[in-house]
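> Just the structure for this:
(one chain, ligands or ions: 2)
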Amino acid sequence: MLWHIICMANVIIRPDWFLPESAVTPEATYSNRRQFLKTMGLGAGLSGGVLARDAMAAATPAENLKRYPGKRNAKYSPNFRPTTEVWGTGYNNFYEFSTDKFQVRQLVGGFRTTPWPVTIGGLCKKPFKMDAQDLVAKFGIEERVYRFRCVEGWGMILPWSGFSLRRLLELAEPTKEARYVKFTTAMIPAQMPGIARLPQYPWPYTEGLRIAEAMHDLTFVATGIFGKPLPKQNGAPIRLVVPWKYGYKSIKSIVKIEFVRNQPKTLWNTLSAVEYPFESNVDPAKPHPRWSQATEEMKGTGGVRVRTLKYNGYGAVAGLYRR
Ligand SMILES: Nc1nc2c(c(=O)[nH]1)N[C@H]1C(S)=C(S)[C@@H](COP(=O)(O)O)O[C@H]1N2
Ligand SMILES: [Mo]
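Ligands and ions are numbered 1, 2, ... in the order given. Okay, the predicted model is just below:
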């Protein structure tokens, strides 16, 4: 509490990463602090600027709605024809709800995605906590049309809205000790009926990337798809999209991002390290124990199979793997 007051008095010193109080403080803490200031009789003693900042509301989903669709980033959007929205938002892997891809959409009704505080911490100088809607307001969104490749041998072409993960990570100023980034999905069994059906799984769902992979331009934080905010079945309100890796690396409904020293455990790697190696780059030459990876069925095409490309066609990442 004291820290907040000191901070607020120092209104002149605003580094680049300065964020309005309302944006960095989860709503509960925020209104508590107001109450605290009032009780202490401090509210009136502070400058008008502070009051103005207090009055600033955090971004709401309704306000953010008008940002969609984001401007398409041509660099990352070759002339692909996206998969139909019916497939993209109706055929989903999201085991917290169901292992039946057609069922997920029917089961997300009770899943609440606002408010949605996301914490960014671990080995960094400026850990922070921000609501997903404030992240959208802070970073803005652009659209990128990416190939998407699930390890089960199917693919889609999906128009995502969001921003580069790197921009968010840089805000936290990772230290030199940070070698990996770990991501964690929300675990709310009361709202996620699939969790109880898989009690042997090491929930919550976790994933990870090497820091250089996480900082790559292609690594995307998606907040929307098909020109709209993400539907819950696609991982609302924020999920990762790593287009050159198998789909399970693209973790949904993220609540925590941590800089860590050692390769983090991930849900799939813990269940089967042979089937789900940590790196998991798309590679048609490396068969999976259960699925050949040479080709993929493009969903929404009536069963067309196409040849799978190394790095899912994103050869630009090859430099990350040269030794
Ligand atoms: N939390 C969480 N994230 C997840 C999954 C999951 O079950 N839980 N499934 C993964 C897999 S296997 C795939 S293929 C993609 C599917 O994303 P989509 O439904 O948006 O196409 O999400 C990935 N992210
Ligand atoms: Mo997948």
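> The stretch 101-250 of the chain against ligand 2: which residues are in contact?
Neighbours of ligand 2 within the stretch 101-250 of the chain, by C-beta under 5 Å from the ion: Cys150, Gly247, Tyr248. In short, each C-beta sits where N, CA and C put it, glycine included.
> Touching, the first one and Gly247? I think so.
Think Cys150. Yes: under the criterion of C-beta atoms under 8 Å, Cys150 makes contact with Gly247 at 4.0 Å.
> just the strands in the stretch 201-323 of the chain please.
For the stretch 201-323 of the chain, strands defined by DSSP state E, counting those that start in this stretch occupy the ranges 206-210, 220-225, 228-229, 239-241, 254-260, 295-298, 305-307.
> The second one pairs with which strands?
Strand partners for strand 220-225, identified by DSSP bridges, are recorded as strand 154-164 (antiparallel), strand 228-229 (antiparallel), strand 239-241 (antiparallel).
> Turn those strands into CSV, columns for mean neighbour count.
Below are these laid out as CSV (neighbours: other C-beta atoms under 10 Å):
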stretch, mean neighbour count
strand 154-164, 23
strand 228-229, 18
strand 239-241, 23
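> Make CSV out of the ones you listed and add distance to ligand 1 and mean pLDDT.
Shown next, in CSV, are the strands paired with strand 220-225 (distance: least, C-beta to the nearest ligand atom, whole Å; pLDDT from 0 to 100):
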stretch, distance to ligand 1, mean pLDDT
strand 154-164, 7, 98
strand 228-229, 13, 98
strand 239-241, 7, 99
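> out of the strands of the stretch 201-323 of the chain, deepest packed?
strand 220-225 (a mean of 26; mean count of other C-beta atoms under 10 Å).
> That one versus strand 254-260: what angle between them?
Orientation check (axes from the mean of the first three to the mean of the last three C-alpha atoms, to 10 degrees): strand 220-225 against strand 254-260 gives 170 degrees.
> Would you mind writing the CA trace of strand 220-225 as CSV?
Taking C-alpha atoms only, strand 220-225 is exported to CSV below (Å, rounded to 0.1, in the frame of the first residue of the first chain):
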residue,chain,number,x,y,z
PHE,A,220,2.1,-14.3,-31.5
VAL,A,221,-0.2,-13.6,-28.6
ALA,A,222,-3.7,-14.1,-30.2
THR,A,223,-6.6,-12.2,-28.7
GLY,A,224,-8.9,-12.7,-31.7
ILE,A,225,-9.6,-14.9,-34.7
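> Residues of the stretch 1-150 of the chain that sit close to ligand 1?
With the criterion set to C-beta under 6 Å from any ligand atom, the stretch 1-150 of the chain comes near ligand 1 through Asn92, Asn93, Phe94, Tyr95, Glu96, Cys150.
> Recalculate using a threshold of 8 Å.
Residues of the stretch 1-150 of the chain found near ligand 1 (C-beta under 8 Å from any ligand atom) are Gly88, Thr89, Tyr91, Asn92, Asn93, Phe94, Tyr95, Glu96, Lys101, Val104, Phe148, Cys150.
> how many neighbours does Arg149 have?
When neighbours are defined as other C-beta atoms under 10 Å, Arg149 has 25 of them.
> My read is that it contacts Gly247, right?
Yes: look at Arg149 against Gly247 with C-beta under 8 Å: they come within range, at 6.4 Å.
> got a list of what the residue most central in space within the chain touches?
For the chain, Arg239 is the residue whose C-alpha lies nearest the centre (C-alpha atoms, centre = their mean; 2.7 Å). Taking C-beta atoms under 8 Å, 6 or more residues apart in numbering, we find Arg239 in contact with Val221, Ala222, Leu230, Ser250, Ile251, Lys252, Ser253, Ile254.
> Show me what it bridges to in the sheet.
Under the criterion used (DSSP bridges), Arg239 bridges to Ala222.
> sorry, back to before: need the residues of the stretch 101-250 of the chain next to ligand 2 in CSV (columns: neighbour count, pLDDT and distance to Phe139).
Putting these into CSV (neighbours: other C-beta atoms under 10 Å; pLDDT from 0 to 100; distance: C-beta to C-beta, whole Å) gives the following:
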residue, neighbour count, pLDDT, distance to Phe139
Cys150, 20, 98, 27
Gly247, 21, 98, 24
Tyr248, 21, 98, 25
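> can you list these in JSON lines and add distance to Val274?
What follows is those, written out as JSON lines (distance: C-beta to C-beta, whole Å):
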{"residue": "Cys150", "distance to Val274": "18"}
{"residue": "Gly247", "distance to Val274": "18"}
{"residue": "Tyr248", "distance to Val274": "14"}
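> which among those gets closest to ligand 1?
Gly247 (2.6 Å; C-beta to the nearest ligand atom).
> thought that closest one was touching Val151?
Yes: checked against C-beta under 8 Å, the pair Gly247 and Val151 is within contact range at 6.5 Å.
> Return the distance of the residue in the stretch 1-150 of the chain positioned nearest to ligand 2 relative to Thr119.
In the stretch 1-150 of the chain, the residue that lies nearest ligand 2 is Cys150 (3.4 Å; C-beta to the ion). Cys150 sits at a distance of 28 Å from Thr119 (criterion: C-beta to C-beta, to the nearest Å).
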